[in-house]
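got a predicted structure plus its sequence, pasted below:
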Protein chains: 6
Amino acid sequence: MGLSHIDEKGNARMVDVSGKDITKREAVAVGKVFMKEETLNLIMDGNMPKGDVVSTARIAGIMAAKKTDELIPMCHSLPVDGVQVEINCNLEDLSVDIKARVSCCWKTGVEMEALTAVSVAALTVYDMCKAVDKGMVIGDITLIKKTGGKSGEYVRQTGGQENV
Amino acid sequence: MGLSHIDEKGNARMVDVSGKDITKREAVAVGKVFMKEETLNLIMDGNMPKGDVVSTARIAGIMAAKKTDELIPMCHSLPVDGVQVEINCNLEDLSVDIKARVSCCWKTGVEMEALTAVSVAALTVYDMCKAVDKGMVIGDITLIKKTGGKSGEYVRQTGGQENV
Amino acid sequence: MGLSHIDEKGNARMVDVSGKDITKREAVAVGKVFMKEETLNLIMDGNMPKGDVVSTARIAGIMAAKKTDELIPMCHSLPVDGVQVEINCNLEDLSVDIKARVSCCWKTGVEMEALTAVSVAALTVYDMCKAVDKGMVIGDITLIKKTGGKSGEYVRQTGGQENV
Amino acid sequence: MGLSHIDEKGNARMVDVSGKDITKREAVAVGKVFMKEETLNLIMDGNMPKGDVVSTARIAGIMAAKKTDELIPMCHSLPVDGVQVEINCNLEDLSVDIKARVSCCWKTGVEMEALTAVSVAALTVYDMCKAVDKGMVIGDITLIKKTGGKSGEYVRQTGGQENV
Amino acid sequence: MGLSHIDEKGNARMVDVSGKDITKREAVAVGKVFMKEETLNLIMDGNMPKGDVVSTARIAGIMAAKKTDELIPMCHSLPVDGVQVEINCNLEDLSVDIKARVSCCWKTGVEMEALTAVSVAALTVYDMCKAVDKGMVIGDITLIKKTGGKSGEYVRQTGGQENV
Amino acid sequence: MGLSHIDEKGNARMVDVSGKDITKREAVAVGKVFMKEETLNLIMDGNMPKGDVVSTARIAGIMAAKKTDELIPMCHSLPVDGVQVEINCNLEDLSVDIKARVSCCWKTGVEMEALTAVSVAALTVYDMCKAVDKGMVIGDITLIKKTGGKSGEYVRQTGGQENV
């Protein structure tokens, strides 16, 4: 199987999906921002403005999902039906964990919307904390589930996350 | 030291930088898209359209650097002076490696611009290859160098990358 | 009834409308820019460029309706079918009166699109006149009619405007 | 004095500010969303997700300030130095009160940025509450203070707000 | 027949297409960037980076097609199904020739999307080459084919281009 | 001299202008929309809404100048100081003639801003008239003057337009 965004001459194109059916689709993606324990504590600390770091990142992720087609050159514009972004502080992994779930009824999937929501939420966490910790690392961004469309359901096998 | 994007009531704000000097600033960020060997080979293969996967991701990264302030809620708008995005296929790590270097003469740093360029280039690689490999993982996104501004030079110590 | 943009944990989300029917929807919103009589005369005066103040505000309002989902974090993207913006000088109230009518066939209503069109048209009137009058006040922005969707028709009772 | 966005033929233009000095500028604007007491209580209620309605509106306002030049046709692009948006529930007036303060060092003022931040924060409050109250009215949007630039300081006299 | 973007009072409006059927539509537009032979050779020359000038222009054209409704005030937003941009160096005419094909299933046509893709690809070619040739001319931008919708098929008669 | 947007490996980049001086710059570009006499008459006819076709195109051109860096991948963001767009009906050439003048004090020139303003104004004229004339041709888009910057003044020699 080839790379579908490329035509027979090797040129990028936006694949023509005119002939595809409109079906209900959903995608779930996750990612993490790894940081020092002190930084994580600053976010979580009751005396500290945890609320707004997390709120700001959540809102940034939701808004970014709607901009995916502007950012990713070959992505189709599509009318997203719903976006949820969950953000949790993970003391075990010393990370802020982000999960985005996007749904849509359209001809193409919403994997990129979910991954973009996670990425921009992660960048926002970085931005809100970089004054105290420049060594944070954004990683483990991956698709964990996808339903709908001709290719059917996909569930990530390894490195699993329960309760998708 | 506290989180500077938060005011004394715990509310998000865009920090006032009116009083800061305009200095030359540079930031370098890196990241990786891990994938199956077959996928990497498809990108690298001379008979395959490697050129455009990499070109599209590079251009997406450069354009995203200019949109950073639209994506990250508390980021300042600033007139970026230059952006370079390098993308290399890494057979050892089975990854596409991305490095972005952004420069600017302004009151705030360009870390977020470099990290955003890397993130969007990585998402674009994912998008261009997802028809053949849904298990790719985006990771190791981090700042490796920053110069200019009151806080001075920062060079990442661990996990180093030479030849910044 | 609760606030639908908020999940059970109090977090903002973009409500999932996958299950909602596509129906024809329309919304009409109004608003006013109150100003000094001299300012209003400058806009209306035949020797003065009335045309373009009003034209510019009308176009700004129409374009803003298409950007509503970019501005309002939890708003869904939707393919607007039509936008009309009417702007009239009101010598009795000493105001520029703005009315926007937006139509769409989609799963969610277009109230926010109509209100955004009015708001941005009002801001544009302010911008075009602020060199001569900084004391203008934008107000009375409200929804006066809404049709379509599960919640049915809404017509504002008080403070009425005839001839919707 | 004439309307500066209009040339001698009555056509809209973006005024040439090449010759103007770069000075420190600040603008403060306010506005209100009037609503039913029940709606206001839902926002304020400790059991209810007050936090996020207000957080979402604040972030929307800050992000909108950076988009002012995209929305208002004749507005100059400028590199905003800081934006603060304060939102308070006002039980006396039955309103959500919004105040935006924007600062910048540039050739033109930031009045439109402050007014746009207030307007979009108000629209966001409307959006977050419209499921329970369609009769809300956005009003009293006005500039209350402006400093910097050739025209000097402006402080609104009537209808005053203390503690600007 | 009148100009449909104008209402009976001469005001611009975004035409209401609520009542129109959703049909498959396609549009093909072309255009040229005329330049000096030396400039064209620089683009084509194997030792020179032809690849990326053409790639960058192609990607810019595809991305611009998705932004048409943001640029053209009375254009409807629509979910484009596919975009292809072909760019060829034409030694006979001393031009870079651009052709864009856009498809969509919606209530309005995609002529403006195809023309916008061509225009922005042409501007990008100009930008990439302007350091060596400021005298380039962008021209011959026109619609050569359109199918679907109530007005049916349109094929440009004069100045033809074969193999549409 | 090579193509400056390309690095030594043939990759596109956004040229680093950190070291360039800020100088006053201006650029003037022109272009034409050729059409049938009947179409031109519809625009010009006193009984017809000439005003708004021209106003809409002028405003679209001005707004597009501010979006140039979003459209052209390797273009720098810069704070435009002024934009003027003149649009005239030319009965001799059967065309709508567009001229854009852009000024700025920055490290890079504003040629692309002027050319983008002309192109988008032309596309808007096309959009406003396409219901009556699909055969219009956009052409003769070129830079006629440029001042400021290290490369100094450029004035187009051939095909001249007086009274720049």
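Here it is on my side, so go on.

from here on, contacts and neighbour counts on C-alpha atoms
OK.

wait, does stretch A:63-71 contact chain F?
No: judged by Cα under 8 Å from any Cα of the partner chain, stretch A:63-71 stays clear of chain F, getting no closer than 9.8 Å.

what is the mean pLDDT for that stretch?
Taken as a whole, stretch A:63-71 carries a mean pLDDT of 98.

which residues touch that stretch?
For stretch A:63-71, contacts defined as Cα atoms under 8 Å, 6 or more residues apart in numbering or on different chains pick out A:75-77, A:80, A:83, A:112-114, A:116-117, A:120, B:60, B:63-64, B:71, B:120, C:69-70, C:73-74, C:77, E:63, E:66-67.

give me that answer again for 7 Å
A:75-77, A:112-114, A:116-117, A:120, B:60, B:64, B:71, B:120, C:73 (Cα atoms under 7 Å, 6 or more residues apart in numbering or on different chains).

ok, stretch A:140-152 next?
Stretch A:140-152 is contacted from outside by A:23-32, A:109, A:111, A:115, A:153-156, B:136-139, using Cα under 7 Å, 6+ apart.

by neighbours, which of the contacts of stretch A:63-71 wins?
Within the contacts of stretch A:63-71, residue A:117 tops the neighbour count with 35 neighbours, counted by other Cα atoms under 10 Å in any protein chain shown.

which helix or strand contains residue A:117?
Counting by DSSP states H and E, the element that carries residue A:117 is helix A:111-129.

against residue E:70, how distant is the residue of chain A found nearest chain F?
Residue of chain A nearest chain F, by Cα to the nearest Cα: residue A:70 (9.8 Å). Noted for residue A:70: a distance of 12 Å to residue E:70, by Cα to Cα, to the nearest Å.

so residue A:26 sits in a strand?
Yes: per DSSP: H, G, I helix; E, B strand; the rest coil, residue A:26 lies within a strand segment.

can you report how many residues lie near it?
For residue A:26, the count of nearby residues is 25 (other Cα under 10 Å).

quick one, strands of chain A?
Ranges of strands in chain A, per DSSP state E, are A:23-34, A:82-90, A:95-106, A:137-147, A:154-155.

tabulate the ones you listed (a markdown table), appending mean pLDDT.
Shown next, in a markdown table, are the strands of chain A (pLDDT from 0 to 100):
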| stretch | mean pLDDT |
| --- | --- |
| strand A:23-34 | 96 |
| strand A:82-90 | 95 |
| strand A:95-106 | 96 |
| strand A:137-147 | 97 |
| strand A:154-155 | 94 |
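
and residue C:126, which of the ones you listed is closest to it?
Using Cα to Cα as the measure, strand A:82-90 is the one of the strands of chain A that comes nearest residue C:126, at 35.1 Å.

what does the closest one rub up against?
Defining contact as Cα under 7 Å, 6+ apart, one finds that strand A:82-90 is touched by A:54, A:58, A:61-62, A:95-104, C:13-17.

also near chain E: which of those, exactly?
When Cα under 7 Å from any Cα of the partner chain is applied, no member of those is adjacent to chain E.

circling back to that earlier point, narrow the contacts of stretch A:140-152 to just the buried residues.
Neighbour-count burial (16 or more other Cα atoms under 10 Å in any protein chain shown) is assigned, among these, to A:23-32, A:109, A:111, A:115, A:155, B:136-139.

for the residue in chain A positioned nearest to chain C, grab the count of nearby residues.
Nearest residue of chain A to chain C (Cα to the nearest Cα) works out as residue A:82 at 3.9 Å. As a burial measure, residue A:82 scores 22 neighbours (other Cα under 10 Å).

the one 4 residues further on too?
As a burial measure, residue A:86 scores 20 neighbours (other Cα under 10 Å).

for chain A, which residues are neighbours of chain B?
A:1, A:3-5, A:10-12, A:48-49, A:52, A:60, A:64, A:71-73, A:112, A:119-120, A:124, A:127-129, A:131-132, A:135-142, A:156.

so what's the residue of chain A found nearest chain B up against?
Proximity of chain A to chain B (Cα to the nearest Cα) peaks at residue A:139, 3.6 Å away. By Cα under 7 Å, 6+ apart, the contact set of residue A:139 is A:31, A:32, A:33, B:138, B:139, B:140, B:141.

dump those into a markdown table; add distance to residue F:38 as well.
Compiled in a markdown table, the contacts of residue A:139 are given as follows (distance: Cα to Cα, whole Å):
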| residue | distance to residue F:38 |
| --- | --- |
| A:31 | 60 |
| A:32 | 62 |
| A:33 | 62 |
| B:138 | 57 |
| B:139 | 60 |
| B:140 | 62 |
| B:141 | 59 |
